[in-house]
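Participant: take a look and give me a structure for this.
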Amino acid sequence: MDLIGRMIDLLRPRPDRRPGPADAEPVPARCEKPAPSARPRAFQGWLRIRESLSLPLRAALGAVPVALLLLLWTLLTDGAAEARVISPLILPSPLEVVTAFRSLWFDAELSRSVVASTGRVVVGFLIGLAVAFPLSMLMGSFTKVKALFEPSAVFLSYLPIPALVPLTMSIFGIGETQKAMFLALAFLIYLLPLFVKAVEEVDNVYLQTAYTMGADRRRVVAKVLLPMALPQIVHAMRLGFGVGWTYIILAEMVAAERGLGQIIIIAQRRGPREHIYLVLVVIVLIAYLTDKLWARLHRALFPYLGTR
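Facilitator: Sure thing, here's the model as predicted:
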């Protein structure tokens, strides 16, 4: 017992004893970071933020989703009608859609329908533009005018576009006037806030400079606000005209003697279903071509802005 007591007494720290290496607290081992694998590095090298792509690479990447979609479409519609995953009454095969173009061109008079639908879109666009442009200039220039019309503009912006079909039918009937006014209202709802935003984004420095040089209110609007906002206004017109093609089917749902929307409604009711998909492709192509024309017009009017 005396020996054990002495050992305990020797191990007990004393105030006059300097701490030695044995008394130091153990240092925890460092957690070394794992070396980055080669796979994330390769993935980061393939995806770079805002990198420039060559035209062939851009075209190849854009063709990948289209090819996958066509492959999936072919697999779902392959074989006899009874063995298909999806019935041909709902989704015909790509080959059946392509071979139905002849009947669409001759029997459904595709060319005349394209002309009729294009005319309706142009007329509705011009009517909507005739209202949206001067009203937006007033709202963007004068705060009191904006306060006067902004509640109505906000109300129209939340209004579903399909709800305008029965409204315009009850007011204008089911003739061509109804279709033009429906498209005009749709264009007005879309273009008005974009036009107002373009005018309001003109920097106040230009206004103050014009006032310093002695310009009156009319000259400030005509010589400063309008020229500075015009590039954005034309760009908004380009976007709005493309959106108008998405409304053409709604405009031609009722009592349309000829038009792309009328072809879709007839094909939905009586067939052939292939015409529905062909007309959708035609609408997309027309909207794409008109968008390119708008882009060329924008570059011709404002060459100092570069390509957009």
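Participant: hmm, V121 is touching T246, no?
Facilitator: No: the pair V121 / T246 is not scored as a contact, 10.3 Å apart, by C-beta atoms under 8 Å. Where you see a C-beta, it was placed from the backbone N, CA and C, and this is true even at glycine.
Participant: who has more neighbours, these two?
Facilitator: Set V121 next to T246 and count neighbours by other C-beta atoms under 10 Å: V121 wins out with 23 against 13.
Participant: now I90: closest residue in space that isn't a chain neighbour?
Facilitator: Sequence neighbours aside, R273 is the residue nearest to I90 in space, at 7.4 Å (criterion: C-beta to C-beta, 6 or more residues apart in numbering).
Participant: and V145, what's its pLDDT?
Facilitator: Looking at V145, its pLDDT reads 91.
Participant: begin at 749 from now on, thanks
Facilitator: Understood, numbering begins at 749; the last thing we discussed is V893.
Participant: next one: phi and psi at L819?
Facilitator: The phi and psi values for L819, taken as degrees, to the nearest 10, are phi -60, psi -40.
Participant: grab the longest helix from this structure for me.
Facilitator: Counting by DSSP state H, the longest helix found in the chain is helix 858-889.
Participant: for that one, name the packing helices and strands.
Facilitator: Counting contacts by 3 or more C-beta pairs under 8 Å, 6 or more residues apart in numbering; DSSP states H and E, helix 858-889 packs against helix 891-905, helix 924-948, helix 974-992, helix 996-999, helix 1008-1018, helix 1022-1049.
Participant: any weak-confidence spans in the stretch 749-898 of the chain?
Facilitator: The stretch 749-898 of the chain contains residues with pLDDT under 70 at 749-793.
Participant: hmm, try it at 90
Facilitator: 749-807, 809-810, 814, 818, 821-859, 861, 889 (pLDDT under 90).
Participant: would you map the helices across it?
Facilitator: Ranges of helices within the stretch 749-898 of the chain are 750-759, 786-794, 803-824, 842-847, 849-854, 858-889, 891-905, based on DSSP state H, counting those that start in this stretch.
Participant: so which of these comes closest to Y1036?
Facilitator: helix 803-824 (12.9 Å; C-beta to C-beta).
Participant: which strands and helices lie in contact with that closest one?
Facilitator: Using 3+ C-beta pairs under 8 Å, 6+ apart, helix 803-824 sits against helix 842-847.
Participant: number of nearby residues for A911?
Facilitator: A911: 9 neighbours (other C-beta under 10 Å).
Participant: again but with G810, I slipped
Facilitator: When neighbours are counted by other C-beta under 10 Å, G810 comes out with 9.
Participant: please report how far it lies from V833.
Facilitator: 27 Å (C-beta to C-beta, to the nearest Å).
Participant: need the contact list for E844.
Facilitator: Residues near E844 by C-beta atoms under 8 Å, 6 or more residues apart in numbering: 825, 836, 1022.
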